[in-house]
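**Student:** what's the 3D shape of this:
(2 chains)
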Protein chains: 2
Amino acid sequence: MTQAMKNDPAMIGIDWGTSSLRAYLMSAQGDVLDRVARTSGILNVPDGDFAFVLEEACGKWMERWPHLPILMCGMIGSRQGWREAPYLTGSAGPRELADSLVTVTTGRQKVQIVPGLQSLSFSGNPDVMRGEETILIGALALGAPKDGLYCLPGTHSKWVRMVDGRISAFSTFLTGEIFDSLSRRSILSALIDGSTPAAGQTVPDAFADGVDLATREGGLLHQLFSIRAQVLTGHLDEACVADTLSGLLIGSELTSVRRQLEDHHEKLVLVASGSMADRYRIALSHLGHVPMLQDAETACRQGLWAIAGEALGTSVPVAMTT
Amino acid sequence: MTQAMKNDPAMIGIDWGTSSLRAYLMSAQGDVLDRVARTSGILNVPDGDFAFVLEEACGKWMERWPHLPILMCGMIGSRQGWREAPYLTGSAGPRELADSLVTVTTGRQKVQIVPGLQSLSFSGNPDVMRGEETILIGALALGAPKDGLYCLPGTHSKWVRMVDGRISAFSTFLTGEIFDSLSRRSILSALIDGSTPAAGQTVPDAFADGVDLATREGGLLHQLFSIRAQVLTGHLDEACVADTLSGLLIGSELTSVRRQLEDHHEKLVLVASGSMADRYRIALSHLGHVPMLQDAETACRQGLWAIAGEALGTSVPVAMTT
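**Tutor:** As a prediction, the model looks like this:
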C-alpha cells in the first residue's frame, strides 16, 4: 500500500448529537485525516435545515471528494433529528446496524444514518439507545472483549451486556441528568458553591463517602436529603456537597448493576473520556472492580468506520468512486 | 364555662414556612376564632424585616389582645428565618419542645419559636425536621396513636416512628422536590403536557403502574429513564407520564420504608391534605396498607396550641394577662 493510498480519504463519519456535531474525514485504515466540531446539535439547527449545517461543517470535504460515503450516528436519527431511523429490536452487531441504515439526501449526495436500538433492560423494562450502539461497535473494533459488561457513563448512562460481539440487554440510568438538575436547582444547589465536580477539583473522600452512602439502606430519595441533613448538623462541609452528591448518584447506579458486575467481574469495559472516566473508575475501584478503559470519542469514530465498512461489504470502508 | 370565655382568644399560632405564612387566633379550647394567610414565606420577606410582616398579618389581633402568647413553627426558626432555633436532639414530645422555645421580640411583645428536631434516620443517617414536629404533636393531640408510624408527605416527605407519644427516629425523602424538578425541566418534562398530577386529573392505572415499577428491580435512576423509554417504544401514552412519574417516586419512597410499614401495619397514620393525601392513600392501598388519615393543616395549628399550653404550664394555653 502506498503512502498516497494510505492517506486517501475513504469516508466521512459524523457523530451528531443533541448538543454538538463532530465530523471526521477518515482513511480506509480508520485514521483521522481531518476533523471539525460544531455546537450545532440537533436542537440547535435553524429551521431544521440539517443539510445546511452539514454543508457548512463538511462542505469542503464533500466538494473535494464528492463520492465519499457519509455515515452519521446519534440523535440526528431521532424523531427530532433529520430523519427518524427506527430502533432495531433484539441483539445487534455491525451487520444488523449496517443493514438498517436510513438514507437522507442533500443537494449533492446521500447521507446514511445508523439506527438506534431497543431492548429490555436488565430488570425487564423497555430501554433504548441512540448513538451508543456506534460507540460500542467501535470499542469492539478497537479490541474490547466480545463478551462482557460495558459501561458508558453520561447524562443517560448505559450499562450493556455484550454477547459474542453483539449488543444484548442494556439498562439506562438518569444519573448525569439528575446530577445536573440537583446541582443547579434544588435544596442542595444552594450548598454547592458554584464549582461542580465536572469543573472543579474532586475531594476524594467526599466522593467515596457518597459512593458508600449509596451502598447502604434507605433509598436514593432519602440519601439525597441526608446530604443536606449532614451539612445542617455539621457532619459534612459545604465544599464537599457536589462531590458527595456525585458519588451518591454514581454509587446508586453501580448498586443497581451489582449483580451484573459480579457476573462480569473480569470483563468490565468503561468507555468514557475525561473526568467522567475518572469518576467511574474511582467509584468502581472503591467497590472492588477494575475496568478496562476505552476513550469514548475514539470509539465513536471507529464505530462509524466499522459500520461503514460493513455496509459497503468490505472489511474496511472504501470510497465508492475514486 | 361561659360562652364569652369560650370565645376569648387565648393564643396566636403561626405556621411560617418557606413559601407561606398561616396565622390562627385560637381559644383556650383550641378553636380557631380567626385566621389569616399570606404568601410572605421566609424567603419572601423584604429586607428580612420579619417583625413588619408579622405586624401586617397579625397586628389587628396583637393590638386588641396585646398579652396573648404568640407561638411560631416552621422555617421561621431556621438559619434563614427570624432567629435560628437550634435542633433538639434525641426523641422529643411536647415537653421538650416547650422547654426549648426561642424568643424574639417585636416592638410591642415577645414571640416564641418552636425548635426543629435532629435525629438518626431509619438507616442511620443524620436527619432533621422543622415544622413537622409541631404537626406531629398536633396529630397526637387530635387522638392519633402514641405508638405508630407517621407519614407526612410533601416536598420533603417525612416518615416518623412515634414511641410513647414522643418523636423518635425519622427519615426524610426528597420525593416532592424531585417530582417538581423532573416535571419542569428534564427529559421527561417535554412529555408532560402542562398538566401535572397536582393540578390535573389522575389516571389511576398510570399512577399504579408507576408504584409497581418502583417495587421491581433496577433502581430509581433506571426506572426514571424507563418511563421515557416506554413512551418512545409505544408502551406508555404521553398523557400518562406525569402520573406514572408520581407513582414511581411515591412508590420508591414506600419501598424504602417497607420494613417499617410491615412492623407498624396496624398503626399507620397519614398526615396530609388534598391531592397529596389522595396519592399517598392510593399508593399505600396498592401495596396493602390502610392508613388512618389526619389533615395536616389542622394538625399543625393543634400542635401550636398543644405546645403553647405545655409552655405555659397549663393543659391548655391561656392568655398571660386578660
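**Student:** Could you see whether chain B lies near stretch A:287-303?
**Tutor:** No - residues of stretch A:287-303 are not located near chain B by Cβ under 8 Å from any Cβ of the partner chain, the shortest gap being 14.5 Å. Using the backbone N, CA and C atoms, a C-beta is placed for each residue, glycine as well.
**Student:** What parts of the stretch 1-150 of chain A come near chain B?
**Tutor:** A:87, A:118, A:121-128.
**Student:** how many other residues sit next to the spatially closest residue to residue A:311 that is not a sequence neighbour?
**Tutor:** Distances taken as Cβ to Cβ, 6 or more residues apart in numbering or on different chains place residue A:98 nearest to residue A:311, at 4.0 Å, with adjacent residues excluded. Residue A:98: 20 surrounding residues under other Cβ atoms under 10 Å in any protein chain shown.
**Student:** So residue A:98 lies in a helix, does it not?
**Tutor:** Yes - assessed with DSSP: H, G, I helix; E, B strand; the rest coil, residue A:98 lies in a helix.
**Student:** Disregarding flanking residues, what is the spatial nearest neighbour of residue A:12?
**Tutor:** In space, residue A:12 comes closest to residue A:70 once its chain neighbours are excluded; the distance is 4.5 Å by Cβ to Cβ, 6+ apart.
**Student:** Distance-wise, check residue A:170 relative to residue B:304.
**Tutor:** According to Cβ to Cβ, to the nearest Å, residue A:170 and residue B:304 sit 53 Å apart.
**Student:** Show me which residues of whichever strand or helix holds residue A:210 are buried.
**Tutor:** In this structure, residue A:210 sits in helix A:204-215 according to DSSP states H and E. Buried positions in helix A:204-215, judged by neighbour count with 16 or more other Cβ atoms under 10 Å in any protein chain shown: A:206-211, A:213-214.
**Student:** Report the mean confidence score over the helix or strand hosting residue A:118.
**Tutor:** Applying DSSP H and E as the criterion places residue A:118 in strand A:117-120. The pLDDT scores in strand A:117-120 average 96.
**Student:** can you check stretch A:138-148 too?
**Tutor:** For stretch A:138-148, mean pLDDT is 97.
**Student:** higher neighbour count, residue A:170 and residue B:304?
**Tutor:** Higher neighbour count among residue A:170 and residue B:304: residue B:304, with 30 against 25, using other Cβ under 10 Å.
**Student:** right, and the more buried one touches residue B:69 too?
**Tutor:** No - Residue B:304 is beyond contact range of residue B:69, at 10.0 Å (criterion: Cβ atoms under 8 Å).
**Student:** Which neighbours do the two have in common?
**Tutor:** Each of residue B:11 lies in contact with both residue B:304 and residue B:69 under the rule Cβ atoms under 8 Å, 6 or more residues apart in numbering or on different chains.
**Student:** Check the gap between the residue of the stretch 101-250 of chain A found nearest chain B and residue B:257 for me.
**Tutor:** At 3.0 Å from chain B, residue A:219 is the closest residue in the stretch 101-250 of chain A, using Cβ to the nearest Cβ. Distance of residue A:219 to residue B:257, computed by Cβ to Cβ: 8 Å.
**Student:** Then residue A:268?
**Tutor:** According to Cβ to Cβ, residue A:268 and residue B:257 sit 33 Å apart.
**Student:** Looking at these two, which is more packed in?
**Tutor:** The residue with more neighbours, out of residue A:268 and residue B:257, is residue B:257; 23 against 18, by other Cβ under 10 Å.
**Student:** Disregarding flanking residues, what is the spatial nearest neighbour of that one?
**Tutor:** Closest residue to residue B:257 apart from its sequence neighbours, by Cβ to Cβ, 6+ apart: residue B:159 at 4.9 Å.
**Student:** SS state for that neighbour?
**Tutor:** Judged by three-state DSSP, the three-state class of residue B:159 is strand.
**Student:** now swap in residue A:127 and tell me
**Tutor:** What three-state DSSP gives for residue A:127 is strand.
**Student:** Enumerate every residue touching it.
**Tutor:** Applying Cβ under 8 Å, 6+ apart to residue A:127 gives the contacts A:118-121, A:170-172, B:225-226, B:229.
**Student:** Return the residues of the stretch 201-322 of chain A in contact with chain B.
**Tutor:** Within the stretch 201-322 of chain A, the residues that sit near chain B (Cβ under 8 Å from any Cβ) are A:213, A:216-226, A:229-230, A:232-233, A:235, A:249, A:252-253, A:255-256.
**Student:** Among these, which are located in strands?
**Tutor:** Judged by DSSP state E, strands contain none of those.
**Student:** hmm, which of the residues you listed are the buried ones?
**Tutor:** In those, burial by neighbour count holds for A:213, A:218-226, A:229-230, A:232-233, A:249, A:252-253, A:255-256, counting by 16+ other Cβ under 10 Å.
**Student:** ok, how many other residues are close to the nearest residue to residue A:127 once chain neighbours are set aside?
**Tutor:** Nearest residue to residue A:127, sequence neighbours excluded (Cβ to Cβ, 6+ apart): residue A:121, at 4.2 Å. Using other Cβ under 10 Å, the number of residues around residue A:121 comes to 23.
**Student:** residue contacts, residue A:121?
**Tutor:** Contacts of residue A:121 (Cβ under 8 Å, 6+ apart): A:127, A:169-172, B:218, B:222, B:226, B:229.
**Student:** Now, the residues you listed that are in helices?
**Tutor:** B:222, B:226, B:229 (DSSP state H).
**Student:** Quick one: residues contacting the second one.
**Tutor:** Residues touching residue B:226, when contacts are defined by Cβ under 8 Å, 6+ apart, comprise A:121, A:125-127, A:172, B:213, B:218.
**Student:** can those residues go into CSV with extra columns for distance to residue B:20?
**Tutor:** Output for the contacts of residue B:226, formatted as CSV (distance: Cβ to Cβ, whole Å):
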residue, distance to residue B:20
A:121, 41
A:125, 39
A:126, 41
A:127, 41
A:172, 38
B:213, 33
B:218, 37
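**Student:** Just give me the closest of the residues you listed to residue A:178.
**Tutor:** Set against residue A:178, the nearest of the contacts of residue B:226 by Cβ to Cβ is residue A:172 (12.4 Å).
**Student:** how about the nearest residue to residue A:82, chain neighbours excluded?
**Tutor:** Distance criterion Cβ to Cβ, 6+ apart; nearest residue to residue A:82, sequence neighbours excluded, is residue A:50 at 4.1 Å.
**Student:** Does the one helix or strand residue A:61 maps to pack against any helices or strands, and if so which?
**Tutor:** Secondary-structure assignment from DSSP H and E places residue A:61 in helix A:50-64. Secondary-structure packing of helix A:50-64 (3 or more Cβ pairs under 8 Å, 6 or more residues apart in numbering or on different chains; DSSP states H and E): strand A:9-16, strand A:21-27, strand A:32-38.
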